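Q: Please find the sequence and the predicted model below.
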Amino acid sequence: MALSFIEGNEAVALGALAAGCRFFAGYPITPATTVYNAMLKYLPPEGGVCLQGEDEIASIGYCLGASMAGVKVLTATSGPGISLYSEQISFAIGSEIPLVIVNVQRLGPSTGSATKGADGDIQFMRWGSSAGLPVIVLAPVDVADCYRLTVHAFNLAEQYRCPVFLASNKEIAMTRESVDLDAVELPDIITRKTADRAKPFLPFATPNDHTAPDFLPIGDPTLVRQTSSTHGVNGYITVDPEEIQAFQIRLEKKLKAHVDEFTLFERDLDPQAKTLLVAYGVTARAARVAVAASRAAGKPVSLLIPKTLWPVSERLIMDTAAAYDRVVVVEMNMGQYVREIQRLLPGKPVGFLGQMNGNLIKPDQIREVI
Amino acid sequence: MRSLINTSRPPVFCPGCSHERIVHTLDKAFARMGLNGNQVVIVSDIGCSGLFDTFFNTHAFHGLHGRALTYAMGLKMARPDLKVIVTMGDGGLGIGGAHVLSTCRRNIDLTLLILNNFNYGMTGGQCSSTTPQEAVVGSGFLNQLEKPVDICRLAAAAGAAFVTRTSSYAPELVDEMVAAIRFDGFSVVDMWGMCPGRYTKRNKITPKSIDADLAALPRFKGPVPENQRNEYGRGYREVAAGLSAPARPVKIEAHFRPPAGGRQEVLILGSAGQRIVTAGEIFCLAGMTGGWHATLKNDYPITVLRGHSVSEMVLSPQPVNYTGIERPNVVVALADEGVGRRKKMLARLGGDTLIIKAAGVTLPETGATMQAVDFKAQKIKTQDWALAALALLASKDRVISMDMLKAALAVRFKNAVLEAAVELVDRVTD
């Protein structure tokens, strides 16, 4: 076993390269800057492009342009940058532009504390776009996850033609950790499906109401249209309410109907336990320690670590929680994902531990609420 | 003549709108250049200029207000062979000002066609960044208080290599467009026109008055001599082609047996300039040469040249889950700034924690075991104190061994720097 000593942000960059990413654009912001640094180091020598935008809006704009040219693209920022990305994210959702966004969360609100961690953007990533249509959010627990989930994020962006967030956290992103990247199991690489050029090309046509359209790049011999306006299958503005409604339903269903296919999680269940602990991101690591200590003290407890946060893996949460008298959710915010758990488990007691003071939640704090 | 006009979607502009003339002039320019639709991308902004992409049989990209140049930049960097034309109004010019300036500075091969009609036509004729102060517009008196921008002077000042100011009615407009599209770099064409729907009702303006106004302004007709330089994308690819691929992260093999067992937490409290972060990394690498897992968290202010610098390291035979430090095995206290960040923790410590304290550092009341060291008396510079403290630990087989420390130095340093580091760790004494 030979270990490397890298931080989460570098692992994200290496994951992006493994996934076939050839374009990065970003604007410097702590604690996401080192993703940019790493992409600048790796991409240009390989013939890829790494750009620093004049602001966050530009950075994600470059990515949208490059993605429509057929390139796998990545950007990285933190909460203040996600705010500026918002309108472009709405565009990527509605116009089905594949894109991976790393959100290295830091303590907010607003400029907050640049060098303190938090998981304060969990609902923001889901709802911070106009129209409220779904996105995919994956939450890494450690450096190995930063590597692996970045590859998953690209696969999902390509398959479902949507923005995919990696919900990182300063505490993973800028913490260096020993890791054997060669031992990390990566999924097969997925690339967006090319449309059949033998048929007339309709840029937003799909065979059913729950998949993404096949893709041709701008610059193809066949003409391609992209637009942020409400469009029909031909890529031109439509005012037909039936066509518009069908389009919105498809954007919703193409992710929600398939979430079971990309529900990533870890589960450590104890058949004797009455309590299920739910934690994600860096907090899941303290939860593992708390669970081990609790069991050693003769108090069995189970642990669920969801890694696909959005769309909510409803089946996983309901099925896992069914056997327990009580569920406890722990997260580095004032209570965001716990809302989803409560929504899914009516009648079941759901305890909560939240903290947003710049410090990691400690294993001892979690033991107190188990 | 071959035309790229999309006959199934004819222009829908207000009668008398100069935008419609520009649609046909642009088509003539494409034809004169012999361009096929699939060689061209029209990236359109928001407002009436944002309709342009629908009138042509070309590739089309229509996005958000003011952001057209950002998409164009991404497209052009990904597909340098495409002719990328951006259509934008004076509204997009204002809201997307940062993108206009940056694109001018970059000199990427895009063509920006500014359909400048002095107001926001689509939303009701409000003032824009080019509305004259004396104009009567939908923003009440507000435009009287703001000076309109001269986009051509601005673009040239920002480094645009090609700037043309012209009238939408100019007989030579097609030549000017062709020259702009052919130009190998960023070209800006500022086309003054009329918005009959919103602007000309209350502001008398004619093709003739436009000519008269233009004649009174500095002339911009094509290449800006002082801004001629390499096109951005080509320059990028030239530089990138000369870069060698960087090494992937180093792999550390386990060669040694660590002198301690179980989870080890070590904290270094120092100040900027003491190479605390480097020492933290070396400590972790040393642990990894003993087959340990390691984590390193650093805490320093954003102004890196002053203030505290704190590194928290965890070594463990198993992968490290919780990366926080509650009860460190060892604390290295090298500066008051660092100590100040962990006062509460230091006060809680018991005798099983060893604190290596540099002479002159003040600690709060603590139950930890103390070892004071005068590095200065050993002629060790302050930036080497952290490494010297690690050497002290290693010399006593506390957490790491000297073999592990030296192996870590060999991973991190080379040549003279490595020799100096080895010399240092060999000579440190309590």
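A: Now that the structure is in, tell me what you want to look at. Residues are numbered from 1 along each chain as shown, chains lettered A, B, ... in the order given.

Q: Now do the helices in the chain.
A: Chain wasn't specified; assuming chain A. For chain A, the helices defined by DSSP state H cover A:8-19, A:33-42, A:56-68, A:79-94, A:122-127, A:143-160, A:170-173, A:241-256, A:283-296, A:314-321, A:338-344, A:363-369.

Q: not what I meant, chain B
A: B:18-33, B:68-78, B:90-95, B:97-106, B:151-157, B:173-182, B:207-215, B:232-241, B:276-289, B:336-341, B:343-348, B:385-395, B:402-412, B:415-427.

Q: Save the helices of chain A as CSV, and put in distance to chain B, mean pLDDT and mean neighbour count too.
A: C-beta coordinates here come from the backbone N, C-alpha and C atoms, glycine included. Formatted as CSV, the helices of chain A follow (distance: least, Cβ to the nearest Cβ, whole Å; pLDDT from 0 to 100; neighbours: other Cβ atoms under 10 Å in any protein chain shown):
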stretch, distance to chain B, mean pLDDT, mean neighbour count
helix A:8-19, 7, 98, 27
helix A:33-42, 5, 98, 22
helix A:56-68, 3, 98, 29
helix A:79-94, 6, 98, 22
helix A:122-127, 19, 98, 20
helix A:143-160, 9, 98, 26
helix A:170-173, 7, 98, 28
helix A:241-256, 16, 98, 16
helix A:283-296, 4, 98, 22
helix A:314-321, 21, 98, 16
helix A:338-344, 21, 98, 18
helix A:363-369, 5, 97, 17
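
Q: ok, back up a step: so which of the helices of chain B is nearest chain A?
A: With Cβ to the nearest Cβ as the measure, helix B:68-78 is the member of the helices of chain B nearest chain A (2.5 Å).

Q: Flag every buried residue along that closest one.
A: For helix B:68-78, the neighbour count (16 or more other Cβ atoms under 10 Å in any protein chain shown) marks B:Ala68, B:Leu69, B:Thr70, B:Tyr71, B:Ala72, B:Met73, B:Gly74, B:Leu75, B:Lys76, B:Met77, B:Ala78 as buried.

Q: just stretch B:363-373 next, same as before
A: The neighbour-count check on stretch B:363-373 (16+ other Cβ under 10 Å) flags B:Leu363, B:Thr366, B:Ala368, B:Val373 as buried.

Q: same check, this time on stretch B:8-23
A: For stretch B:8-23, the neighbour count (16+ other Cβ under 10 Å) marks B:Pro11, B:Phe13, B:Cys17, B:Ser18, B:His19, B:Glu20, B:Arg21, B:Ile22, B:Val23 as buried.

Q: Next one, pLDDT for A:Arg197 please.
A: A:Arg197 carries a pLDDT value of 93.

Q: Now it: closest residue in space that isn't a chain neighbour?
A: A:Thr222 (5.8 Å; Cβ to Cβ, 6 or more residues apart in numbering or on different chains).

Q: returning to what we had before: kindly reformat the buried residues of stretch B:8-23 as JSON lines and extend each row with pLDDT and distance to chain A.
A: Output for those, formatted as JSON lines (pLDDT from 0 to 100; distance: Cβ to the nearest Cβ, whole Å):
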{"residue": "B:Pro11", "pLDDT": "88", "distance to chain A": "14"}
{"residue": "B:Phe13", "pLDDT": "94", "distance to chain A": "15"}
{"residue": "B:Cys17", "pLDDT": "96", "distance to chain A": "19"}
{"residue": "B:Ser18", "pLDDT": "97", "distance to chain A": "23"}
{"residue": "B:His19", "pLDDT": "97", "distance to chain A": "17"}
{"residue": "B:Glu20", "pLDDT": "96", "distance to chain A": "18"}
{"residue": "B:Arg21", "pLDDT": "97", "distance to chain A": "23"}
{"residue": "B:Ile22", "pLDDT": "98", "distance to chain A": "20"}
{"residue": "B:Val23", "pLDDT": "98", "distance to chain A": "16"}
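
Q: picking that back up, show me the two of the buried residues of stretch B:363-373 that sit farthest apart.
A: Across the buried residues of stretch B:363-373, the longest distance by Cβ to Cβ is 16.7 Å; it joins B:Thr366 and B:Val373.

Q: tally of neighbours for A:Ile101?
A: A:Ile101 has 28 neighbouring residues, counting by other Cβ atoms under 10 Å in any protein chain shown.

Q: do you know how far it is from A:Gly8?
A: Per Cβ to Cβ, to the nearest Å, A:Ile101 is found 15 Å from A:Gly8.

Q: one step back: nearest to A:Arg339, out of the helices of chain B?
A: Ranked by Cβ to Cβ, the member of the helices of chain B that lies closest to A:Arg339 is helix B:343-348, at 33.2 Å.

Q: Could I get the buried residue list for that closest one?
A: For helix B:343-348, the neighbour count (16+ other Cβ under 10 Å) marks B:Met345, B:Leu346 as buried.

Q: circling back to that earlier point, who's in contact with the residue nearest to A:Arg197?
A: A:Ala195, A:Arg197, A:Phe201, A:Leu216, B:Asn38 (Cβ atoms under 8 Å, 6 or more residues apart in numbering or on different chains).

Q: count of neighbours near the spatially closest residue to the last one that is not a sequence neighbour?
A: Put plainly, it is B:Asn38. Take B:Asn38 and drop its neighbours on the chain: the residue closest to it by Cβ to Cβ, 6+ apart is A:Pro221, 5.4 Å away. Counted with other Cβ under 10 Å, residues neighbouring A:Pro221 total 11.

Q: now do the one 5 residues further on
A: Other residues lying near A:Gln226 total 27 when counted by other Cβ under 10 Å.

Q: could you measure it against A:Phe215, distance?
A: With distances taken as Cβ to Cβ, A:Gln226 is found 11 Å from A:Phe215.

Q: if we can go back for a sec, between the contacts of A:Thr222, which sits nearest A:Gly20?
A: Distance to A:Gly20, by Cβ to Cβ, is smallest for A:Leu216 among those, at 18.0 Å.

Q: contacting residues for A:Leu107?
A: Taking Cβ under 8 Å, 6+ apart as the test, what A:Leu107 contacts is A:Ser113, A:Lys116, A:Gly117, A:Ala118, A:Gly120, A:Lys170, A:Met356, A:Asn357, A:Gly358.

Q: need the contact list for the first one.
A: Taking Cβ under 8 Å, 6+ apart as the criterion, A:Ser113 is in contact with A:Arg106, A:Leu107, A:Gly358.

Q: now do 6 Å
A: Contacts for A:Ser113 (Cβ atoms under 6 Å, 6 or more residues apart in numbering or on different chains) come out as A:Leu107, A:Gly358.

Q: what does the third one give?
A: For A:Gly117, the contacting residues are A:Asn169, A:Lys170, A:Glu171, by Cβ under 6 Å, 6+ apart.

Q: Report the contact partners of the second one.
A: The reference is to A:Lys170. Residues in contact with A:Lys170, defined by Cβ under 6 Å, 6+ apart, are A:Pro31, A:Arg106, A:Gly117.

Q: Could you export the residues you listed to CSV, including columns for pLDDT and distance to B:Ile42?
A: Formatted as CSV, these follow (pLDDT from 0 to 100; distance: Cβ to Cβ, whole Å):
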residue, pLDDT, distance to B:Ile42
A:Pro31, 97, 39
A:Arg106, 97, 39
A:Gly117, 96, 44
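
Q: ok, so of those, who is nearest B:Pro249?
A: The nearest member of these to B:Pro249, counting by Cβ to Cβ, is A:Pro31 at 19.1 Å.

Q: per-domain residue ranges of chain B.
A: Following automatic domain parsing, chain B resolves into domains at B:18-241, B:264-427.

Q: starting at the chain centroid, how far to the first one?
A: Spelled out, it's domain B:18-241. Counting by Cα atoms, centre = their mean, to the nearest Å, domain B:18-241 is centred 25 Å from the centre of its parent chain.
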